[in-house]
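Chemist: What follows is a predicted structure for the sequence shown.
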Amino acid sequence: MSVSNYLTVPVALTIAGSDSGGGAGIQADLRTFAFHKVHGTSALTCVTAQNTQGVDRVDALPAAAVIAQILAVVRDIGVQAVKTGMLLNPEIIAAVAEQAMEEHLPNLVVDPVMVSRTGSQLIADEAILALRECLIPLATILTPNRYEAQILSASEIDTLESMQAAAQRIFTLGARAVLVKGGGMPGELRGVDVWFDGNRLEVLKTATVETIHTHGTGCTLSAAITANLALGHDMFTAVKLAKSYVTSALHYSLQLGQGQGPVGHFFPLLESSQP
Ligand SMILES: Nc1ncnc2c1ncn2[C@@H]1O[C@H](COP(=O)(O)OP(=O)(O)O)[C@@H](O)[C@H]1O
Ligand SMILES: Cc1ncc(COP(=O)(O)OP(=O)(O)O)c(N)n1
């Protein structure tokens with residue numbers, strides 16, 4: 001007989017949609033948590049029929065089902081950090097915002113999934129309004145991509161200076177810090193993100209990784225930030241560590257399907273198995 005070693009590890013919760021292709025959404029979040037040695041819990045908001053070429057269908061869960069999942073997790077297991085991904089409709093967004101306040105959800109990372117990095121809108125206009133009014137003011141860190149930042153700042157973003165101006169403008173919506181992500185920018189700006197927390201305006205820069213297999217970068221980044229907050233890092237350190245994780249995952253991106261494959265979340269295993 002052998003006895004288990006009981007481990008105590010930080011816990012993170014993702015409130016997000018399922019990606020049947022496994023590259024983004026809940027699937028990407030849970031893998032990212034695992035590779036940070038953080039126990040991942042989840043509240044599913046919707047089920048997408050999706051692959052490397054696009055989204056074929058989306059089915060939402062009832063808002064009450066989302067609330068029940070959140071309560072089941074936080075009232076028994078407890079969480080140190082929480083992220084939101086695709087929340088899809090105003091009912092789910094309002095329900096999540098209410099739970100965030102009532103249950104005092106800690107370290108809330110809001111990835112305002114509205115528009116894909118290729119520019120196609122993923123949620124309805126009313127849902128965008130609900131995100132802006134109900135959830136974004138509660139965010140610890142808000143992580144819009146280029147197109148989401150354009151909507152939230154009502155400005156064109158095509159240069160580093162316009163990313164910086166947008167980050168400062170979006171900050172006024174009430175999040176404690178904003179990270180405008182550059183994956184949808186042209187050329188060398190693809191590896192550049194802009195941070196603003198009311199004091200520090202920082203440019204986080206990595207060299208652009210030349211790959212078309214970038215599916216799930218945004219989910220992976222926000223999940224890695226959440227994991228690092230759950231581990232006790234401060235906000236800016238959590239973001240820097242997360243950016244490093246997503247950059248490595250891009251270096252090991254997976255050529256799967258006919259379209260844009262996912263980033264390689266398990267690159268540490270691939271690295272350790274190389275001669
Ligand atoms: N080709 C790339 N090379 C380096 N970093 C990238 C590249 N594409 C995306 N990133 C990084 O991935 C993260 C997610 O950004 P982005 O792709 O813009 O988000 P989203 O998936 O939400 O559209 C950011 O840190 C961004 O800088
Ligand atoms: C279910 C689901 N959630 C989120 C996304 C968007 O993924 P993201 O990583 O933000 O964006 P891309 O880099 O894949 O554009 C999704 N597609 N599905």
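Modeler: Sure, I can see it. Ligands and ions are numbered 1, 2, ... in the order given.
Chemist: Tell me who's in contact with Ala64.
Modeler: Ala95 (Cβ atoms under 8 Å, 6 or more residues apart in numbering). The way it works is simple: take the backbone N, C-alpha and C, and place the C-beta from them, glycine included.
Chemist: where's it, which helix or strand?
Modeler: Assigned by DSSP states H and E, Ala64 belongs to helix 63-76.
Chemist: What residues of that helix count as buried?
Modeler: Residues Ala63, Val66, Ile67, Gln69, Ile70, Val73, Val74 are the ones in helix 63-76 that count as buried (16 or more other Cβ atoms under 10 Å).
Chemist: ok, so of these, who is nearest Ala249?
Modeler: Val73 (25.6 Å; Cβ to Cβ).
Chemist: for the residue of the stretch 51-200 of the chain at minimum distance from ligand 1, what are its contacts?
Modeler: Going by Cβ to the nearest ligand atom, ligand 1 is nearest to Gly183 of the stretch 51-200 of the chain, at 2.1 Å. By Cβ under 8 Å, 6+ apart, the residues touching Gly183 are Arg117, Asn145, Arg146, Arg190, Thr214, Thr217, Gly218.
Chemist: Could you list which of the residues you listed belong to helices?
Modeler: Taking DSSP state H, the ones among those that sit in helices are Arg146, Thr217, Gly218.
Chemist: Would you mind giving those residues as CSV with neighbour count and pLDDT added?
Modeler: Listed next are the ones in helices among the contacts of Gly183 as CSV, based on neighbours: other Cβ atoms under 10 Å; pLDDT from 0 to 100:
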residue, neighbour count, pLDDT
Arg146, 23, 96
Thr217, 26, 97
Gly218, 25, 97
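Chemist: Those also near ligand 2: which ones?
Modeler: Thr217, Gly218 (Cβ under 6 Å from any ligand atom).
Chemist: The residue lying closest to Leu189 once chain neighbours are set aside: what's it in contact with?
Modeler: Counting by Cβ to Cβ, 6 or more residues apart in numbering, Gly182 is the residue found nearest to Leu189 once chain neighbours are left out, at 4.9 Å. When contacts are counted by Cβ under 8 Å, 6+ apart, Gly182 is found next to Arg146, Met163, Leu189, Arg190, Gly191, Val192, Asp193, Val194.
Chemist: List buried residues within those residues.
Modeler: Arg146, Met163, Leu189, Arg190, Gly191, Val192, Asp193, Val194.
Chemist: does the closest residue to the second one other than its chain neighbours sit in a helix, a strand or a coil?
Modeler: The shortest distance from Met163 to any non-neighbouring residue, by Cβ to Cβ, 6+ apart, is to Val194 (4.5 Å). In the three-state summary, Val194 is assigned as strand, counting by DSSP: H, G, I helix; E, B strand; the rest coil.
Chemist: Is it correct that Leu135 is in contact with Ala95?
Modeler: No - assessed by Cβ atoms under 8 Å, Leu135 is found out of contact with Ala95, at 10.3 Å.
Chemist: The residue nearest to Leu189 should be in a helix, yeah?
Modeler: No - in this structure, Gly182 is coil, not part of a helix, as judged by three-state DSSP.
Chemist: What separation do you get for it and Ala154?
Modeler: 19 Å (Cβ to Cβ, to the nearest Å).
Chemist: OK, contacts around Val73?
Modeler: Counting by Cβ under 8 Å, 6+ apart, the residues that Val73 touches are Leu13, Thr41, Ser42, Ala43, Val79.
Chemist: rerun at 6 Å
Modeler: Residues in contact with Val73 (Cβ atoms under 6 Å, 6 or more residues apart in numbering) are Leu13, Thr41.
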